[in-house]
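> Take this sequence and fold it.
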Amino acid sequence: MVVLRAIAKYNEDGFDIQHQDVAMAQADPDGERDALMHASPAMSPPVSPVAPTSLRAQQAGHRHRSKGKWYHEFAGQMSKLFSPKWRRTVTLMWIIWGAMALAYTMFNVWLPAVLESRQTGPDAIRSGLWDLVLYALAGCPGSVIGAWMIQTKLGRRRSLAICTIATAVSVFAFVGVRAGMALTVSSMFISLTGTAMYAVLYGMTPETFGTEIRGTACGTSAALSRLTGVIAPVTAGILLTMSQTLPLLSVAVIYVFTAFCSLLLPPDRKSDGGPVTMAH
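Numbers count the residues shown, from 1 in each chain. Predicted coordinates for the structure are as follows:
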């Protein structure tokens, strides 16, 4: 009986069969099929082509409702993101994720070319590749630093703002230097602070949203970051035709804007005996 009720509920049909109906069907083997057929339409055999038109139309309408059900559920879940309680937080997180991915991808796409162009001598390519290796290695401690920062008194908002501002300052320094060692050190600081920045962002995003919208909000934020990451190389290429330093300056400005948006997020609050969450 429990299984039959679960099947009927899944198919959104009524279920009127009782224990006595099953007992009667067991007493009369010929009546078992009729008892199940009359108990619920979900238990009925497939409709034949010569069945009444009204019954076929009813089942076709049921299939149509099932196909459109996912859309209504998705629309209902998306509407929760724009409720008065969450619209500010969701909008700011969308901007932060999108802008950060845009700036991060713009810098990393053109970094090898920039490093090579600033090297001189016959070993320019080798020196540029070595700087790129150091850039990648410098980012390894960044995740640990970011994870540590959000557990301090700085909290999530200020930790994200500090890491983002530090990345912007490193980019400004990278634009201004010309010496080989200064170029290498500034690029390593960009990698370190940028990785810490993303560690803070990935750690704070699920805790920023309530459980009722967490999956949808995190998913849409990540989707927007992928979208801006796709257009970042094209944007950097257009800016590069105007000036070699313009893409890098744009990256730094975007990081500053992202830090400002992170400070506009609702402040952290610590619930009684619970983890740190975001106030709304």
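> Show me the protein divided up by domain.
Following automatic domain parsing, the chain resolves into domains at 2-78, 83-278.
> which one of these is the most hemmed in?
domain 83-278 (a mean of 18; mean count of other Cβ atoms under 10 Å). In this view, the C-beta of every residue, glycine as well, is placed from N, C-alpha and C.
> quick revisit: make CSV out of the domains of the chain and add mean pLDDT.
Below are the domains of the chain laid out as CSV (pLDDT from 0 to 100):
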stretch, mean pLDDT
domain 2-78, 59
domain 83-278, 87
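> wait, Ser186 sits on Val177?
Yes: contact criterion Cβ atoms under 8 Å: Ser186 and Val177 qualify, at 5.7 Å.
> how much space is there between the residue most central in space within the chain and Ala147?
Closest residue to the average C-alpha location of the chain: Ala222 at 2.6 Å, with Cα atoms, centre = their mean. As judged by Cβ to Cβ, to the nearest Å, Ala222 and Ala147 stand 19 Å apart.
> now Ala101
In terms of Cβ to Cβ, Ala101 sits 20 Å off from Ala147.
> could you pull out the helices for the stretch 101-250 of the chain?
124-138, 142-149, 155-176, 180-208, 214-242, 246-263 (DSSP state H, counting those that start in this stretch).
> could those helices be laid out in JSON lines, adding distance to Ala113?
Shown next, in JSON lines, are the helices of the stretch 101-250 of the chain (distance: least, Cβ to Cβ, whole Å):
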{"stretch": "helix 124-138", "distance to Ala113": "9"}
{"stretch": "helix 142-149", "distance to Ala113": "23"}
{"stretch": "helix 155-176", "distance to Ala113": "14"}
{"stretch": "helix 180-208", "distance to Ala113": "13"}
{"stretch": "helix 214-242", "distance to Ala113": "9"}
{"stretch": "helix 246-263", "distance to Ala113": "10"}
